[in-house]
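Asks: Just the structure for this:
(one chain, ligands or ions: 1)
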Amino acid sequence: MATVIDGKAISQTIRSQIANEVRLLSQKYGKVPGLAVVAVGITKDSPRYVEMKRKACTELGIKCLVVELPEQVSEAEVINQVHDLNANPHVHGILIQLPLPKHINEENVLTEISLEKDVDGFHSLNIGKLAMKGREPLRLPCTPKAFLELLERSGVGIKGKRAVVVGRSNIVGLPASLVLLKADATVTIVHSHTSQLENIIREADIVIAAAGQPMMIKGSWIKPGAAVIDFGNNAVDDPTKKSGYRLVGDVDFEEASKIAGWITPVPGGVGPMTITMLLKYTVEGAKRYIEKNN
Ligand code: NDP
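Replies: The predicted structure is shown next:
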């Protein structure tokens, strides 16, 4: 049976360290770290994601400013908001809830976030440096940073391993593959046009699942002993639940956990860790800003 990587418990340990840092900043300077979350329009999952971030901030004493903009807002207005937040001394991290509506160019918005406040790590300069050999980004995007921490704390090495990333989105799949490459894995990316992807996944020592397809990856596709990180966060109907749904990953956990060496559950795996990395970056940014401007 696989070791289940308990992202919730690991997150809790890191979050109590972050809460301590927040307390120290408040005692020493009377200042509180601030995270701004910009949400444009409402997509299926965005209210849940925004709420999770707001709750996590509140628990740690971080101020969370949610800027909700209507679906029809213009790109210029979103950029104006970003400029205001860049100038706001109480905001130390800015996160744009992705994806943005189609009429807004994501890159135009993300590149306007000041590098110092780019807590999601999606600024083109950060991603560009991540993609280049010999360059170091200011910070890694939260999604790959989350699984790197989980693998490291679970004693799973990356160097020389064969990794397969399922999905190539700007938010998860692509940055995950870049981070694994930088960590000296041999990386293959598969996507919706890949044929016979199960044969490719079978060769992987490390599988990063980020397709958004409920339980698509079967236990028989997993190489015995592999480390499986499941980003999938899919709501499926479940009349036995009060909410009417339950969350499942992209991996069939029941089957895969009998074959893998390590596996993250859904919920309680990489999801809470991604938010924890966001909080960590926000507090680091606040510390840098407050110490410099005190
Ligand atoms: P996207 O829909 O943007 O991307 C999905 C990717 O998976 C695409 O590259 C797509 O290929 C590929 N894909 C879709 N279906 C298949 C298939 N049948 N076989 C192979 N590849 C496929 O999703 P995101 O990257 O934003 O999110 C992926 C999942 O991760 C979702 O469940 C989301 O909720 C979750 N998520 C979790 C986070 C966390 O912190 N835990 C953070 C963000 C997302 P193509 O490019 O060809 O279309």
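Asks: And the spatially most central residue of the chain, how far from residue 229?
Replies: Central residue of the chain (C-alpha atoms, centre = their mean): residue 143, 2.6 Å from the mean position. As judged by C-beta to C-beta, to the nearest Å, residue 143 and residue 229 stand 10 Å apart. Yep, even glycine has a C-beta here, placed from its N, CA and C like the rest.
Asks: what residues are shared contacts of those two?
Replies: Shared contacts of residue 143 and residue 229, defined by C-beta atoms under 8 Å, 6 or more residues apart in numbering, are found at residue 270.
Asks: Extract the residue ranges of this protein that are flagged as low pLDDT.
Replies: By pLDDT under 70, the chain contains no weakly predicted segment.
Asks: Quick check: residues of it near the ligand?
Replies: 143, 166-169, 171-173, 190-194, 197, 210-213, 216, 231-234, 270-271, 274 (C-beta under 6 Å from any ligand atom).
Asks: Show me which of these are buried.
Replies: Applying 16 or more other C-beta atoms under 10 Å to the residues of the chain next to the ligand, the neighbour count classes 143, 166-169, 171-173, 190, 194, 197, 210-213, 216, 231-234, 270-271, 274 as buried.
Asks: show me where this protein has strands.
Replies: 3-4, 34-40, 63-69, 93-96, 162-166, 186-190, 206-209, 227-230, 234-237, 245-248, 262-263 (DSSP state E).
Asks: partners of the first one in the sheet?
Replies: This means strand 3-4. Counting by DSSP bridges, the strands paired with strand 3-4 are strand 262-263 (parallel).
Asks: Please tell me how far residue 214 sits from residue 237.
Replies: Residue 214 is 10 Å from residue 237, by C-beta to C-beta.
Asks: So between those two, which is more surrounded?
Replies: Legend: neighbour count by other C-beta atoms under 10 Å for residue 214 and residue 237, higher for residue 214 (17 against 8).
Asks: Spatially nearest residue to that one (excluding sequence neighbours)?
Replies: residue 234 (4.1 Å; C-beta to C-beta, 6 or more residues apart in numbering).
Asks: Please apply the same query to residue 111.
Replies: residue 124 (5.2 Å).
Asks: who's in contact with the one you found?
Replies: Contacts for residue 124 (C-beta under 8 Å, 6+ apart) come out as 107, 110, 111.
Asks: Looking at those, which one is closest to residue 78?
Replies: residue 110 (10.4 Å; C-beta to C-beta).
Asks: now that closest one, nearest residue through space, not along the chain?
Replies: residue 122 (5.1 Å).
Asks: Tell me how many other residues surround the one you found.
Replies: 23.
Asks: among the contacts of residue 124, who's most crowded?
Replies: Using other C-beta under 10 Å as the neighbour criterion, residue 110 leads the contacts of residue 124 with 21 neighbours.
Asks: for it, what are its contacts?
Replies: Residue 110 neighbours (C-beta under 8 Å, 6+ apart): 96, 118, 122, 123, 124.
Asks: Relative to residue 205, how far out is the closest residue to residue 225 other than its chain neighbours?
Replies: In this structure, residue 225 finds its nearest non-sequential neighbour in residue 261, 4.0 Å apart by C-beta to C-beta, 6+ apart. Residue 261 is 9 Å from residue 205, where distance means C-beta to C-beta.
Asks: Can you pull the residues that touch both of these two?
Replies: What both residue 261 and residue 205 touch, as defined by C-beta under 8 Å, 6+ apart, is the set 225, 226, 227.
Asks: Pull out the buried members of the residues you listed.
Replies: In the shared contacts of residue 261 and residue 205, burial by neighbour count holds for 226, 227, counting by 16+ other C-beta under 10 Å.
Asks: now the residue nearest to the centre of the chain, nearest residue through space, not along the chain?
Replies: Closest to residue 143 by C-beta to C-beta, 6+ apart is residue 172, at 4.9 Å.
Asks: Am I right that that neighbour is in contact with residue 210?
Replies: Yes. Residue 172 is within contact range of residue 210, at 3.8 Å (criterion: C-beta atoms under 8 Å).
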